[in-house]
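J.: Here's a sequence, model it:
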Amino acid sequence: MQRKLTVRDLRAGNRARVLRTLYFDRPRSRQEIATLTGLSQASVSTVVGELIGEGTVVEAGQVESDGGRPRVLLRVDPARGVVVGVDVGETHVLVEAFDLTLERLAGIELPAPRPLTPEAVAACVLRGVRRVLDDAGAPGPVLGVGVGVPGSVDGGVVHAQTIGWHGAPLERLLRAGLDVPLHLDNGANTLGQAEAWFGAGRGAPTVVVALIGSGVGASVVVAGAPYRGAFGGAGEWGHTTVALDGARCRCGAHGCLEAYLGAGSLVDRHRALALNADGDNVDGGTAGGTAGGTVGDTADEDNAGDTVAGDTVAEDQERAFRSLLAARTPEAERVLAEAVRYAGLGIGNLVNLLNPTRVVVGGWAGLLLGERFLAEIRAEAGAHALRRSFEQVEVVLGELGAESVALGAATLPVADFLASGGVAASAPPVGRAAAR
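T.: Just a heads-up that it's a prediction; the model follows:
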């Protein structure tokens, strides 16, 4: 039985509507807020008065009105609070502090610990949070910390098969050193929310962000919020099967899209073809070996997923991927042509399954690939998608750059703050007890 709404619920809902309008459509006058939210002028005035009194909303100048007094513009005060976004990657941990409007205040990139255990990662994240909060020097309270991880999150527990995390209690480990609200999510979801709020997905009711980097994933964003599935595992696009009994993926399965489209597998494929120019020793003329490892890797499949990412560090992998894109050899062109086909196939599948209004190609490798081949990827997607669904979708490049997972992670505490109508959870001031 659905609980009856109380006056308190209605007030909280009104506050959230006004605050979201000011946050995403800033700055606005009281009259414009009433029009956009559908609330009465009296309700808007009451809510705005409360938000100004709490320091969440401030005046931002005036505009002329039609014959009357100038209208006062309002906006969310950036100094109302500080949020922290963390990108836990397989080779690095990026920690950034932002004001409430997500302007960057400070940041630090730390090498991922080796071995990549949950305990070591938690210690690295906490060290980074302390550092950026000290560097930010902002007056507002810490509203929360968002963390994007390379796996699914269910109840604060992370399942990341490709890096050997099977039920890692990362939230518990982080909470031991944090006195602020903590939010964990898959890194593809945080990237998706960032693109939906501020980037190429803005204004589209249903967006799929296709993330192509060392790994491959996707985020489905509906009405500005990621769809996470029943237990946080939605969006594992890279582990959909595109070839029965195909190349072995680092997750342990065979034929995953990631084994054909992940940057590590493409780099390894190119290296193998360069060494065997006639292709005789390569797996059937298609992508082969273990994604992110080496072609022909004979690792024991019983240990699949128990090793870290691959043989190359991020800098080496990105450098090799850029070299692949710059090369004009037959081997490079062959690998890139295959990558375009698999990217298009994967996007076509997303279009058929989800019927989105927009597909955003992102991730560092996706952006590099898309800069040169977006038209070809789009055409290949059209060859695999149903005609009507493809006619209704846009396929575009991400706008926020390769390092937007941390920005997206910072949207998690902001989304919570907006949904609450600006009622912040208890948080100590910056630099005092935010990170013990």
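
J.: for the stretch 251-400 of the chain, what are the low-confidence residue spans?
T.: Low-confidence segments of the stretch 251-400 of the chain (pLDDT under 70): 278-315.

J.: now the helices for it?
T.: Under the criterion DSSP state H, counting those that start in this stretch, the stretch 251-400 of the chain contains helices at 258-261, 263-275, 314-326, 330-354, 364-384, 387-391.

J.: Tell me how far the closest residue to residue 344 other than its chain neighbours lies from residue 350.
T.: Spatial nearest neighbour of residue 344, excluding adjacent residues (C-beta to C-beta, 6 or more residues apart in numbering): residue 380 at 2.3 Å. For every residue, glycine as well, the C-beta is placed using N, CA and C. Distance, residue 380 to residue 350, using C-beta to C-beta, to the nearest Å: 13 Å.

J.: Which one's more surrounded, those two?
T.: Between residue 380 and residue 350, counting by other C-beta atoms under 10 Å, residue 350 is the more crowded of the two (23 against 20).

J.: quick one, what contacts that one?
T.: Shown in contact with residue 350 (C-beta atoms under 8 Å, 6 or more residues apart in numbering): 208, 210, 218, 237, 356, 359.

J.: among those, which are in strands?
T.: Secondary structure assignment by DSSP state E places 208, 210, 218, 359 of the contacts of residue 350 in strands.

J.: measure the second one to residue 330 for me?
T.: In this case it means residue 210. 28 Å.

J.: which one of those two has more residues nearby?
T.: Taking neighbours as other C-beta under 10 Å, residue 210 and residue 330 compare with residue 210 leading, 29 against 11.

J.: Between all of the contacts of residue 350, which two are at the greatest distance?
T.: The two members of the contacts of residue 350 with the most space between them (C-beta to C-beta) are 237 and 356, at 12.4 Å.

J.: measure the most centrally placed residue in the chain to residue 147 for me?
T.: What sits nearest the mean C-alpha location of the chain, by C-alpha atoms, centre = their mean, is residue 191, with 1.6 Å. Separation of residue 191 from residue 147 (C-beta to C-beta): 13 Å.

J.: got it, and residue 131?
T.: From residue 131 across to residue 147, the span is 15 Å (C-beta to C-beta).

J.: Name the residue in those two with the higher neighbour count.
T.: Between residue 131 and residue 147, counted using other C-beta under 10 Å, the more crowded position is residue 147 (31 against 17).

J.: name the element that one belongs to?
T.: Under the criterion of DSSP states H and E, residue 147 resides in strand 142-149.

J.: what's the following helix or strand after that strand?
T.: Downstream of strand 142-149, the next assigned helix or strand under DSSP H and E is strand 152-154.

J.: Was I right to think residue 320 contacts residue 269?
T.: No: contact criterion C-beta atoms under 8 Å: residue 320 and residue 269 do not qualify, at 11.1 Å.

J.: Give me the three-state assignment for residue 94.
T.: When classified by DSSP: H, G, I helix; E, B strand; the rest coil, residue 94 comes out as strand.

J.: burial measure for it, as a count.
T.: For residue 94, the count of nearby residues is 20 (other C-beta under 10 Å).

J.: In the sheet, which residues pair with residue 225? Tell me.
T.: residue 222 (DSSP bridges).

J.: what about it, how many neighbours?
T.: Residue 225 has 16 neighbouring residues, counting by other C-beta under 10 Å.

J.: Kindly state the pLDDT recorded for it?
T.: In this model, residue 225 is scored at 84, pLDDT.

J.: that older thread, pretty sure the residue nearest to the centre of the chain contacts residue 404?
T.: Yes: Residue 191 lies in contact with residue 404 (C-beta under 8 Å); the separation is 5.5 Å.

J.: Common neighbours of these two, please.
T.: Common neighbours of residue 191 and residue 404 are listed as 362, 398 (criterion: C-beta under 8 Å, 6+ apart).

J.: Residue 149 against residue 88, yeah?
T.: Yes: with contact defined as C-beta under 8 Å, residue 149 reaches residue 88; the gap is 4.8 Å.

J.: ok, now which ones touch residue 182?
T.: Going by C-beta under 8 Å, 6+ apart, residue 182 touches 144, 145, 147, 171, 174, 175.

J.: Could you check how many residues crowd around the nearest residue to it once chain neighbours are set aside?
T.: Distance criterion C-beta to C-beta, 6+ apart; nearest residue to residue 182, sequence neighbours excluded, is residue 145 at 5.4 Å. When neighbours are counted by other C-beta under 10 Å, residue 145 registers 30.

J.: any idea of the pLDDT on residue 145?
T.: Per-residue pLDDT puts residue 145 at 97.

J.: again, but for the one 5 residues further on
T.: pLDDT recorded at residue 150 is 90.

J.: wait, it sits on residue 187?
T.: Yes: assessed by C-beta under 8 Å, residue 150 is found in contact with residue 187 at 5.8 Å.

J.: the more surrounded of the two?
T.: Here residue 150 and residue 187 are compared on neighbour count by other C-beta under 10 Å; more neighbours surround residue 187, at 28 against 24.

J.: doesn't residue 405 make contact with that one?
T.: Yes: between residue 187 and residue 405 there is a contact under C-beta under 8 Å: 4.6 Å.

J.: Now do the shared contacts for the two.
T.: Counting by C-beta under 8 Å, 6+ apart, the residues touching both residue 187 and residue 405 are 87, 89, 148.

J.: And the second one, how far from residue 42?
T.: Between residue 89 and residue 42 the computed distance is 50 Å (C-beta to C-beta).

J.: what does the first one give?
T.: Note on residue 87: its distance to residue 42, by C-beta to C-beta, is 44 Å.

J.: out of the two, which sits in the more crowded spot?
T.: Taking other C-beta under 10 Å, residue 87 and residue 42 do not tie; residue 87 has more neighbours (26 against 9).

J.: Neighbours of the residue lying closest to residue 236 once chain neighbours are set aside, how many?
T.: Of all residues not flanking residue 236 in the chain, residue 217 sits nearest, at 6.4 Å (C-beta to C-beta, 6+ apart). Number of residues near residue 217 (other C-beta under 10 Å) recorded here: 27.
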